[in-house]
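# next input, structure requested:
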Amino acid sequence: MDEDTPVSEDAGFGIGAVSRRLGIPAPTLRTWNLRYGLGPSRRSPGGHRRYGAADVRRLAEMKRLIATGLVPAEAARLALALPDTPAAPPSGARTTPVPSGGLRTPQPPGGRPARLQVVAALARAAIMLDGRAVAALVEETLAAQGVVWTWEHLFLPALDAVCRGQDATGSGIDAEHLLSGHLQAALHRLAGDVPPQSDRPDRPDRPVVLACAEEEQHSLPVHALAAALAERGVQTRVLGARTPYAALAHAMRRLGPAAVFVWSQRAETGDTAPLAALPEVRPACRIVIGGRGWQGRAPAGVVRVSTLPDAVACVMSTLI
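Below is the predicted model of the structure:
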């Protein structure tokens, strides 16, 4: 049993257990501890620092407050003011599940205006080429809401606003690249924060392989899927942009993956014919394709998805 495994609530929780329970990446938890003092208040008999129930409750409140639009410093100040014993939720509050399927936290009314404000702030920071502000907004939203929510409700709307500005002015590709670059860096960190599968008996010892179609250079959706799967404890192997089908076939034979995801954004890269030549592996491997570039009917057995939530659900269904 490792130090992250909660023996009981009285014994406290390690950082890995809290990360999985709240859907907050472990690096973010460490940052909140260093910057704001929202850290573990207990120690195990072996000397490991552990989070108590009150610590976990304050972290959940920190996450909720950031999601409403508060800056992290103010959210931390309010979270630290919570009493050690839980209070009843306010009358009329509704609850929504955290993306990881862990704790449920109050969701106050008026979430959409706050979300639109964050989208506008992110687009404005990108247009102003303020990399620090872009990175902060991306990291804070990923920590508070998870990958799928951030992709669907923050990044895509902000990217659309930046691209509409390009259409109107004829400039702004630099803002698009800055925004995409900071998101990809954050996603890459999340995708690498998965414990070894030998420590996760609830997951098959078979990774998921993610790649772009041959000559496809747009790889950001692949990194988003890798990070979303990492939140769910799934190991991935990202082959990246412009993956030759011969290289993908070699990786499949070598790794025996549970699933393979291939992305095509442009029609020039979306020929489905080469998919039929991908090798069969044992146990069986599901082939999933995404992106608007794919042309024609997919080969038998190949599943096509149109959104990140669909891709996550499709891949996860192969691991059950």
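# beyond the lowest-mean-pLDDT helix or strand in the chain, next helix or strand please.
Here the helix or strand of the chain ranked lowest by mean pLDDT, DSSP states H and E is strand 104-107, holding a mean of 34. Using DSSP states H and E, the helix or strand that follows strand 104-107 towards the C-terminus is helix 111-127.
# for that following helix, packing partners?
Contacts defined by 3 or more C-beta pairs under 8 Å, 6 or more residues apart in numbering; DSSP states H and E place helix 111-127 against helix 131-145, helix 156-169, helix 173-191. (Glycine included, C-beta is placed from N, CA and C.)
# correct me if wrong: residue 187 contacts residue 231.
No. Applying C-beta atoms under 8 Å, one finds residue 187 not in contact with residue 231, separated by 10.6 Å.
# excluding chain neighbours, what is closest to residue 191?
Nearest non-adjacent residue to residue 191, counting by C-beta to C-beta, 6 or more residues apart in numbering: residue 226, 4.0 Å away.
# isn't there a strand covering that neighbour?
No. Residue 226 sits outside any strand when classified using DSSP: H, G, I helix; E, B strand; the rest coil, being helix.
# hey, where'd the strands end up in the stretch 201-320 of the chain?
208-212, 236-240, 259-263, 286-290, 302-305 (DSSP state E, counting those that start in this stretch).
# now tabulate these in CSV and tack on distance to residue 47.
Formatted as CSV, these follow (distance: least, C-beta to C-beta, whole Å):
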stretch, distance to residue 47
strand 208-212, 36
strand 236-240, 33
strand 259-263, 40
strand 286-290, 44
strand 302-305, 46
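# tabulate the ones you listed (CSV), appending mean pLDDT.
As requested, those are exported to CSV (pLDDT from 0 to 100):
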stretch, mean pLDDT
strand 208-212, 97
strand 236-240, 95
strand 259-263, 97
strand 286-290, 96
strand 302-305, 94
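# for residue 31, which of these is the nearest?
Residue 31 lies closest, by C-beta to C-beta, to one member of the strands of the stretch 201-320 of the chain: strand 236-240, at 23.6 Å.
# which elements pack onto that closest one?
By 3+ C-beta pairs under 8 Å, 6+ apart, strand 236-240 packs against strand 208-212, helix 220-231, helix 245-255.
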